[in-house]
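turn this into a structure:
(2 chains)
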Amino acid sequence: MKRAALVLVAAAALPVAAAAQTPVDQTRPAAADATVSIENLAGSTKVTGWDRLEVRVKGTVCSGCELNLDGNDKRVRVEVESSHLNAMAAKSDIEVSVPAGSLVKVEGFNATISIAGVNGPVRAETVNGSITHAGGSKDVQLQSVNGAVESSRAAGRVHVEAVNGPVTVRDASGELEASTVNGKLVVSGGSFTRAHLEAVGGGIRFESAVAPKGSLGVETVSGPVDLFFPAGADADFTVTTFSGSVTNELGPAAQKKDEFSPEKELVFTTGKGGTRVSVETLSGAISIHKKP
Amino acid sequence: MTCQELDARLDDWVDGLLPPREAAEVEAHLAGCAACREAERRLRRVVAHAGALPRAVTPPRDLWPGIQQRIAAPARWGWLSRWTSPLVLAAAAVGVLAVAAVVWQGRQPAGVQTAEIPAASPAPQPVSAEGGSLDPELEAAVRDYQAAANALFAALQQRQQSRAIAPSDLARVQANLLVIDKAIAEVRAALVRDPANPELNRMLVATHRKKVDVLRRVVRLSTAL
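From the prediction side, this is the model:
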């Protein structure tokens, strides 16, 4: 009986909650290379690049929240301002269309962020929530604490970082910096002139290509490392682990550095060498696989 | 350099993290662009608030050069040396001050009393207590990072007490910090076995640095609430 009453109360409250969301739809002019700063701390922010010289914000903001869209055509500011003491209890969901060449900066706290079709630099940061980016931006920085971070088809400088979430980079090219504390870091497809991957307890899996004379650096504390290279790839490998294991399908086995320390080292070259690959862990297992 | 390119580098410029060539380009652009100078001025104003910061927040000292000199090992672990470069340590100091300043001064909700940052909890015992020995300067650096982490975490707790962030959010942050603490413990344990290992020494500092970085980010984003 008590449960039934609770269900009734909850059902009665639902339409009120839904009605509390306020629809918004605002537009202002913006230059093709405008800087668009977006702050929506709770809810979701979806950014899409388009071919119009204006910024449009559509969606719903929470009761007690207000959408501010101001600035000038070179610098546009989008802010969901909350009057709630706990701003994260009230969520707003907005879709922001920006000139494709804009520099886009997005900040959230309990918010998911997605960005697509933007060719200018992209910066996105949240604490609890995922960040998804797709497109050919030449300069990408994505950072989340609790949440997945995913970037695909970026071509230039890519910096992706999470603390307790997976990091995935697909079909990217250029220079990559990627790190996670406890999530899994996976890089697949594409080709890099320089890639640097770090983790603390999370594992790292690298299945992309590295350009000739390029470099790949991988470091973890305790997370396992799995690298995939074609047999005969032209690369120079340097692998070090303090107490982890090393498995190598491309060449010799690792050796202990000296009899008094558990530290192991493996240095070898495949093909003609040239691409520099270095891997270091404290206790994480290192596996170098032959790419099928 | 365009205004957009400058915007993308402004944070690093103000933090002093840009390489010399890029810094020169930023400087040249700022000299001829009033709008960008205004954007820079606004950003610097936030950092300048640090001057009136509560005294308990002590930034990490720039100790790494001395430690590095003593260890005198080849810079094989590039990521670690990058994390612990003097510039980054200096930037960390500015960052800790800046975010704390914003937390304590800038955005206190009406009616909420400003509180002093609690004193940092005691730093972890040096490795020497477990049979090994750390370089004294390294121990000092670790203590400074620990103090900075404690101060930043206290700032977050204060945000929670003032209901700006939920207890569950703070719990999530704590869970993440525990992962880093576990890694720190693991590195320290390895240092007991091999106290002179330069890579382990750098890794210890770098992992502490990572913890401070995470806290800085969460505190900074939470101040916007």
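
and the chain, what are its domains?
Unless you meant another one, I'm taking chain A. Split into domains by automatic domain parsing, chain A comes to A:20-110, A:130-292.

sorry, I should have been clearer: chain B.
B:1-52, B:55-222.

least reliable of these by average pLDDT, please.
Of all those, mean pLDDT reaches its minimum on domain B:55-222 (a mean of 63).

so what's A:Val163 up against?
Residues near A:Val163 by CB atoms under 8 Å, 6 or more residues apart in numbering or on different chains: A:144-146, A:180-183, B:176, B:179, B:214. Bear in mind the C-beta positions are built from the backbone N, C-alpha and C, glycine included.

show me these that map onto helices.
Among the contacts of A:Val163, the members falling in helices are B:176, B:179, B:214 (criterion: DSSP state H).

how deep is the closest residue to the second one other than its chain neighbours tucked in, by neighbour count?
If the residues on either side of it in the chain are set aside, B:Val179 comes closest to A:Asn182, at 4.5 Å by CB to CB, 6 or more residues apart in numbering or on different chains. Other residues within reach of A:Asn182, judged by other CB atoms under 10 Å in any protein chain shown, total 23.

isn't A:Asn182 up against B:Asn176?
Yes - the pair A:Asn182 / B:Asn176 is scored as a contact, 6.9 Å apart, by CB atoms under 8 Å.

need the overlap of contacts for these two.
Common neighbours of A:Asn182 and B:Asn176 (CB under 8 Å, 6+ apart) are A:163-164.

over to B:Arg42. Which of the three states is it?
Under DSSP: H, G, I helix; E, B strand; the rest coil, the three-state class of B:Arg42 is helix.

next up, the contacts around it.
Applying CB under 8 Å, 6+ apart, no residues contact B:Arg42.

packing partners of the helix or strand hosting A:Glu95?
Assessed by DSSP states H and E, A:Glu95 sits inside strand A:92-99. Counting contacts by 3 or more CB pairs under 8 Å, 6 or more residues apart in numbering or on different chains; DSSP states H and E, strand A:92-99 is packed against strand A:35-39, strand A:42-50, strand A:54-61, strand A:65-71, strand A:75-82.

at 7 Å instead, please
Counting contacts by 3 or more CB pairs under 7 Å, 6 or more residues apart in numbering or on different chains; DSSP states H and E, strand A:92-99 is packed against strand A:42-50, strand A:54-61, strand A:75-82.

adding mean pLDDT, write the domains of chain A out as TSV.
TSV is the format used below for the domains of chain A (pLDDT from 0 to 100):
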stretch	mean pLDDT
domain A:20-110	92
domain A:130-292	92
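
next, the contact list for A:Gly251, please.
A:268, A:270 (CB atoms under 7 Å, 6 or more residues apart in numbering or on different chains).

phi, psi of the one residue sitting closest to the centre of chain A?
Taking CA atoms, centre = their mean as the criterion, A:Val149 is the residue nearest the geometric centre of chain A, at 3.1 Å. Dihedral angles of A:Val149 (phi, psi; degrees, to the nearest 10) stand at phi -120, psi 130.

who does it bridge with?
A:Ile131, A:Val167 (DSSP bridges).

one more: A:Phe192?
A:Gly174, A:Val210.

residue ranges of the strands in chain B, please?
In chain B, no strands are defined using DSSP state E.

nearest to A:Ser208, of the contacts of A:Val163?
A:Thr180 (16.6 Å; CB to CB).

surely that closest one and A:Val169 touch.
No - with contact defined as CB atoms under 7 Å, A:Thr180 and A:Val169 do not form a contacting pair (11.3 Å).

now stretch A:278-289: how far from the chain's centre is it?
How far stretch A:278-289 lies from its chain's middle: 23 Å, per CA atoms, centre = their mean, to the nearest Å.

again with stretch A:67-74
27 Å.

show me which residues of it are buried.
Within stretch A:67-74, the residues that count as buried by 16 or more other CB atoms under 10 Å in any protein chain shown are A:67, A:69, A:71.

which residues does the residue nearest to the centre of chain A contact?
Here A:Val149 is in contact with A:131, A:142, A:160-162, A:165, A:167 (CB under 7 Å, 6+ apart).

how many neighbours does the residue nearest to A:Pro121 when sequence neighbours are not counted have?
Distance criterion CB to CB, 6+ apart; nearest residue to A:Pro121, sequence neighbours excluded, is A:Asp139 at 3.8 Å. When neighbours are counted by other CB under 10 Å, A:Asp139 registers 22.

A:Asp139 and A:Ala155: what is the separation?
10 Å (CB to CB, to the nearest Å).

also A:Val218?
22 Å.

those two: which has the busier surroundings?
A:Val218 (27 against 17).

need phi/psi at the more buried one.
phi -130, psi 130.

list the contacts for B:Val26?
Per CB under 7 Å, 6+ apart, neighbours of B:Val26: B:1, B:6, B:9, B:13, B:18.

ok, 6 Å please
B:9, B:13 (CB atoms under 6 Å, 6 or more residues apart in numbering or on different chains).

in the strand holding A:Glu95, which residues are buried?
Buried residues in strand A:92-99 (16+ other CB under 10 Å): A:92-94, A:96-99.

mind checking how far it is from the chain centre?
Worked out by CA atoms, centre = their mean, strand A:92-99 lies 19 Å from the chain centre.

using CSV, list the CA coordinates for that strand.
Taking C-alpha atoms only, strand A:92-99 is exported to CSV below (Å, rounded to 0.1, in the frame of the first residue of the first chain):
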residue,chain,number,x,y,z
SER,A,92,19.8,21.8,-19.0
ASP,A,93,20.1,20.2,-22.4
ILE,A,94,21.3,22.5,-25.2
GLU,A,95,22.3,22.2,-28.8
VAL,A,96,24.7,24.8,-30.1
SER,A,97,25.3,25.3,-33.8
VAL,A,98,28.5,27.3,-34.5
PRO,A,99,30.4,28.4,-37.7
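
moving C-terminal of that strand, what's the next helix or strand?
Assigned by DSSP H and E, the successor of strand A:92-99 is strand A:103-107.

hmm, who's touching that next one?
Taking CB under 6 Å, 6+ apart as the rule, strand A:103-107 contacts A:35-39, A:45, A:47, A:113, A:118, A:120-125, B:4, B:7-8.

can you name the next helix or strand after it?
strand A:110-116.

the one helix or strand A:Pro23 maps to pairs with which strands, and in what direction?
Following DSSP H and E, one finds A:Pro23 within strand A:22-29. Strand A:22-29 has its sheet partners listed here by DSSP bridges as strand A:54-61 (antiparallel).

contact partners of the strand it pairs with?
A:21-30, A:36, A:67, A:69, A:76, A:78, A:80, A:92-98.
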